[in-house]
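Engineer: sequence unknown, structure follows:
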Ligand SMILES: Nc1ncnc2c1ncn2[C@@H]1O[C@H](COP(=O)(O)OP(=O)(O)OP(=O)(O)O)[C@@H](O)[C@H]1O
Ligand SMILES: [Mg+2]
C-alpha cells in the first residue's frame with residue numbers, strides 16, 4: 001500500500017477547546033486519512049451478484065464462499081470452500097435449493113439483527129448464528145476487492161485478528177471468509193465502543209479511567225511485544241464487553257515496525273495522530289501518543305480537533321488548563337508523559353504498566369482473580385440457563401401445536417372414510433365433529449391438499465362459518481362457485497357435518513331441499529350413474545363430481 005500523506009493541517013481561527021458535542025448521532029464526517037474511494041454498494045444479498053464482482057481478483061470463484069485463515073502457518077490461505085450451513089442443507093432437502101443457492105454464506109449462517117457501527121473499511125452487524133442461536137458481530141468490508149494487492153491488504157486484518165484473538169484485552173476473533181469480493185469477519189459481540197460509552201456516561205469516574213488505561217496498555221503491549229504497531233488507536237476502536245473489560249479492535253492498519261517506514265503504513269484518524277507521523281515516522285511511540293490523547297478525551301470529555309491551531313498546541317505539549325485541571329495530578333502526569341512531543345521521551349507500555357497506581361491495581365486484580373472467575377462463571381451459567389429455558393418453552397409450544405394440528409387433520413380424514421350422507425338426506429354421524437371442532441382452538445395453518453380452497457391461507461373455522469352462512473342463505477356453497485356439488489373430500493365432509501350439527505332443523509330442511517349432495521364414490525355409484533355429471537376432479541384419491549341432480 002502506498003503511504004498516503006495527510007494534507008497539512010488547515011489554519012482555522014477557531015482557537016477554543018470545546019467539550020464534546022453530541023447531537024444524537026455519531027459524527028461520520030470527521031477528518032479521515034485520504035483513502036482511495038470506490039463506489040460503495042450496500043451489502044444486501046441481492047446486491048452481491050456476479051455483475052458487481054466483475055473485475056474481481058478472485059474471478060469466477062467470487063460467488064463461492066472461501067474460508068480465510070492464517071492459523072495453519074501458511075502465508076495466505078483460502079482454507080477451502082465453505083459447506084452450506086446445516087439449516088440450509090435441511091432447507092435444500094425440502095426442495096428449497098433454489099432459494100438457498102441464491103443466499104450468501106452470511107445469510108445462510110446468520111440472521112442479521114442490527115447495525116452496530118461503521119468505519120471507513122467496513123460495516124459491523126449484530127447477528128444471530130442460526131446453528132446455535134448465539135449472538136456475534138460480523139464485519140463486512142464496504143469496498144469490493146479491487147485487485148490482488150487490495151485483497152491481500154484486507155486479508156492481513158484477518159491475520160492480525162487471529163494473532164491477538166487469545167489476549168484478554170483484544171477482541172476475540174471467530175472466523176473469516178470471503179464471498180462476492182468482500183471480506184466477512186465473525187467476532188465476539190461487545191456491548192459498545194468506548195466512544196459510545198463516553199457519550200452515554202459523559203463523566204467517567206477517574207477510577208474507571210485508570211482501569212480502562214490498564215486494559216488498553218495490556219492490549220497494546222501484546223502488539224508491541226510482537227514488534228507491531230496499531231496506528232489506529234481511538235475510542236471507536238476500543239470495545240467494551242459484558243464484563244466491562246476494554247478490548248482493542250480494528251487491526252486494519254496494524255503494521256510491522258520494521259516495515260512501517262517502508263511505504264507500508266497508512267495514518268489513522270488525524271484527531272489521534274502523533275505529530276511525527278506527518279514526517280512519515282511510524283513507531284510504537286505513535287500508538288502511545290494516540291492512547292494518551294484518547295485518555296485526555298475520555299477523562300475531560302473534550303472534543304478533539306482534527307486540524308487547526310488547537311491540533312498543533314496539543315502536539316506541542318500544551319494541554320488546555322480548563323480541561324486538564326479537572327483531573328488528578330497523577331493522571332495529568334501520565335497523560336502528559338504519553339503525549340510528549342518527542343517520541344523518544346514518551347513512556348513505553350512496559351514503563352507505563354509499572355506506574356505505582358497501575359501496579360497496585362494489577363496486584364488487587366490478582367487477589368480478585370478467583371472472585372472474578374466465579375462471577376464470570378455465574379453470569380455465563382445464568383445466561384445458558386435462560387437460553388435453555390427459552391428453548392424448552394419453544395419445544396413445548398411446538399409439541400402442543402403439532403398435537404393440535406394432528407387432531408385437526410385426523411378428524412376430517414376419519415369422517416370422510418365413514419359415509420355420513422346417504423342420498424340427499426343427511427344422517428347424524430356417530431361422533432360429534434362440530435363439538436370437536438369447537439374444542440380445537442383457532443389455529444392458523446395452511447390447508448393440506450390441492451383443492452381450490454386449500455390453496456390459500458385460511459382458518460378452518462372461518463371456512464365452516466362461511467359454509468354455514470352460504471347454506472343458510474341459499475343452500476349453495478359459494479366457496480366452490482357451483483350450484484350443484486357432490487363432494488367427498490375430507491374437508492368438505494367435515495364442513496357439511498359441522499354445518500349439519502350446528503344448523504337448526506329449518507336450515508337442515510333447506511339444505512335437503514337444495515341441490516347440495518354429498519356421496520361417497522363407492523357407496524353411491526348408482527346415483528352418480530343416473531345423475532348428470534357436469535365436472536369431475538380428484539382430491540386424495542377421492543373423486544369430486546359436480547352433478548346436476550334431480551330433486552326427486
Ligand atoms: N465486535 C464488535 N462488537 C460490537 N460493536 C462492534 C464490534 N466491532 C465493531 N463494532 C462497532 O463497529 C464500528 C466499526 O468497526 P471497525 O472499527 O472494525 O470498522 P472500520 O471500518 O475498520 O473502522 P475504521 O474507520 O476505524 O478503520 C466500531 O466503532 C464499533 O462501534
Ligand atoms: Mg474502526
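Structural biologist: Here it is on my side, so go on. Small disclaimer: the values here were computed from a predicted structure and weren't measured. Ligands and ions are numbered 1, 2, ... in the order given.

Engineer: excluding its backbone neighbours, what's nearest the closest residue to ligand 1 within the stretch 251-400 of the chain?
Structural biologist: Nearest residue of the stretch 251-400 of the chain to ligand 1: residue 252, at 4.6 Å (CB to the nearest ligand atom). For the C-beta atoms, the positions are set from N, CA and C on the backbone; glycine is no exception. Among residues not flanking residue 252 along the chain, residue 157 sits closest, at 4.8 Å (CB to CB, 6 or more residues apart in numbering).

Engineer: show me the contacts for the residue in the chain that ligand 1 sits nearest to.
Structural biologist: Scanning the chain for the residue nearest ligand 1 gives residue 119, at 1.7 Å (criterion: CB to the nearest ligand atom). If you count contacts by CB atoms under 8 Å, 6 or more residues apart in numbering, residue 119 has them with 236, 250, 252.

Engineer: wait, which of the residues you listed is closest to residue 228?
Structural biologist: When those are compared for distance to residue 228 (CB to CB), residue 252 comes out closest, at 12.7 Å.

Engineer: the helix or strand hosting residue 378 - what's its average pLDDT?
Structural biologist: Assigned by DSSP states H and E, residue 378 belongs to helix 356-417. For helix 356-417, mean pLDDT is 76.

Engineer: show me what that helix is packed against.
Structural biologist: helix 206-224, helix 349-353, helix 433-439, helix 490-502 (3 or more CB pairs under 8 Å, 6 or more residues apart in numbering; DSSP states H and E).

Engineer: now the residue of the chain closest to ligand 1. Its backbone dihedrals?
Structural biologist: Taking degrees, to the nearest 10, you get phi -120, psi -160 for the backbone angles of residue 119.

Engineer: just residue 239 next, same as before
Structural biologist: Given degrees, to the nearest 10, the pair of backbone angles that residue 239 has is phi -110, psi 150.

Engineer: do the same with residue 177
Structural biologist: For residue 177, the backbone dihedrals (degrees, to the nearest 10) come out as phi -150, psi 160.

Engineer: check contacts around it.
Structural biologist: Going by CB under 8 Å, 6+ apart, the list of residues near residue 177 reads 65-68, 82, 105, 183-184.

Engineer: ok, now residue 157?
Structural biologist: Per CB under 8 Å, 6+ apart, neighbours of residue 157: 183, 185, 251-252, 254.

Engineer: of the residues you listed, which is the nearest to residue 194?
Structural biologist: Using CB to CB, the contacts of residue 157 come closest to residue 194 at residue 251, 16.1 Å.

Engineer: surely that closest one touches residue 162?
Structural biologist: No. Using CB atoms under 8 Å as the test, residue 251 is too far from residue 162 to be in contact (9.6 Å).

Engineer: neighbour count winner among these two?
Structural biologist: residue 251 (25 against 17; other CB atoms under 10 Å).

Engineer: now the more buried one. Nearest residue, chain neighbours left out?
Structural biologist: residue 160 (3.5 Å).

Engineer: cool, and residue 258?
Structural biologist: Residue 258 sits nearest to residue 227 (CB to CB, 6+ apart), 6.8 Å away.

Engineer: look up how far ligand 2 lies from the one you found.
Structural biologist: 22 Å (CB to the ion, to the nearest Å).

Engineer: and if you look at residue 328?
Structural biologist: 30 Å.

Engineer: now do that residue against residue 209, distance only.
Structural biologist: Taking CB to CB, to the nearest Å as the measure, residue 328 falls 10 Å from residue 209.

Engineer: more crowded one of those two?
Structural biologist: residue 209 (18 against 13).

Engineer: how about the residues of the stretch 151-300 of the chain by ligand 2?
Structural biologist: Counting by CB under 5 Å from the ion, the residues of the stretch 151-300 of the chain lying close to ligand 2 are 237, 250.

Engineer: and for the chain?
Structural biologist: Residues of the chain lying near ligand 2 (CB under 5 Å from the ion): 119, 237, 250.

Engineer: pLDDT-wise, what's the bottom of those?
Structural biologist: Per-residue pLDDT puts residue 119 lowest of the residues of the chain next to ligand 2, at 88.

Engineer: one step back: now the helix or strand harbouring the residue nearest to residue 251: average pLDDT?
Structural biologist: Here residue 160, judged by DSSP H and E, is contained in helix 148-164. Per-region confidence: helix 148-164 scores 88 on mean pLDDT.

Engineer: helix 206-224 and that helix, what's the angle between them?
Structural biologist: 120 degrees (axes from the mean of the first three to the mean of the last three CA atoms, to 10 degrees).

Engineer: next, the buried residues of helix 148-164.
Structural biologist: 150-151, 153-164 (16 or more other CB atoms under 10 Å).

Engineer: as JSON lines, those residues with distance to ligand 1 would be great.
Structural biologist: Listed next are those as JSON lines, based on distance: CB to the nearest ligand atom, whole Å:
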{"residue": "150", "distance to ligand 1": "15"}
{"residue": "151", "distance to ligand 1": "16"}
{"residue": "153", "distance to ligand 1": "12"}
{"residue": "154", "distance to ligand 1": "10"}
{"residue": "155", "distance to ligand 1": "14"}
{"residue": "156", "distance to ligand 1": "12"}
{"residue": "157", "distance to ligand 1": "8"}
{"residue": "158", "distance to ligand 1": "12"}
{"residue": "159", "distance to ligand 1": "15"}
{"residue": "160", "distance to ligand 1": "11"}
{"residue": "161", "distance to ligand 1": "10"}
{"residue": "162", "distance to ligand 1": "15"}
{"residue": "163", "distance to ligand 1": "16"}
{"residue": "164", "distance to ligand 1": "13"}
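
Engineer: follow-up on the earlier one: for residue 340, state which of the contacts of residue 119 is nearest.
Structural biologist: So of the contacts of residue 119, ranked by how close each gets to residue 340 (CB to CB), first place is residue 236, at 24.2 Å.

Engineer: roughly how far does the residue nearest to residue 252 sit from residue 122?
Structural biologist: 9 Å.

Engineer: common neighbours of these two, please.
Structural biologist: Joint contacts of residue 157 and residue 122 (CB under 8 Å, 6+ apart) are 183, 185.

Engineer: tell me how far the residue of the stretch 251-400 of the chain found nearest ligand 2 lies from residue 311.
Structural biologist: Per CB to the ion, residue 252 is where the stretch 251-400 of the chain lies closest to ligand 2, at 7.2 Å. Going from residue 252 to residue 311 by CB to CB gives 23 Å.

Engineer: tell me which of those two has more neighbours.
Structural biologist: Under the neighbour definition other CB under 10 Å, residue 252 and residue 311 were set side by side, and residue 252 has more, 23 against 20.

Engineer: now do the same contact list for that one.
Structural biologist: Going by CB under 8 Å, 6+ apart, the list of residues near residue 252 reads 119, 121, 154, 157, 232.

Engineer: need the max-distance pair from these.
Structural biologist: Applying CB to CB across the contacts of residue 252, the maximum distance is between 154 and 232, 14.6 Å.

Engineer: could you chop the protein up by domain?
Structural biologist: By the assignment in the TED database, the chain contains the domains 104-189, 192-354, 369-407.

Engineer: adding distance to residue 18, write those out as JSON lines.
Structural biologist: Formatted as JSON lines, the domains of the chain follow (distance: least, CB to CB, whole Å):
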{"stretch": "domain 104-189", "distance to residue 18": "24"}
{"stretch": "domain 192-354", "distance to residue 18": "4"}
{"stretch": "domain 369-407", "distance to residue 18": "38"}
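
Engineer: select from those domains the stretch with the lowest mean pLDDT.
Structural biologist: domain 369-407 (a mean of 78).

Engineer: is the residue nearest to residue 174 when sequence neighbours are not counted in a helix, a strand, or coil?
Structural biologist: Nearest residue to residue 174, sequence neighbours excluded (CB to CB, 6+ apart): residue 186, at 4.2 Å. Secondary structure, DSSP: H, G, I helix; E, B strand; the rest coil: residue 186 is strand.
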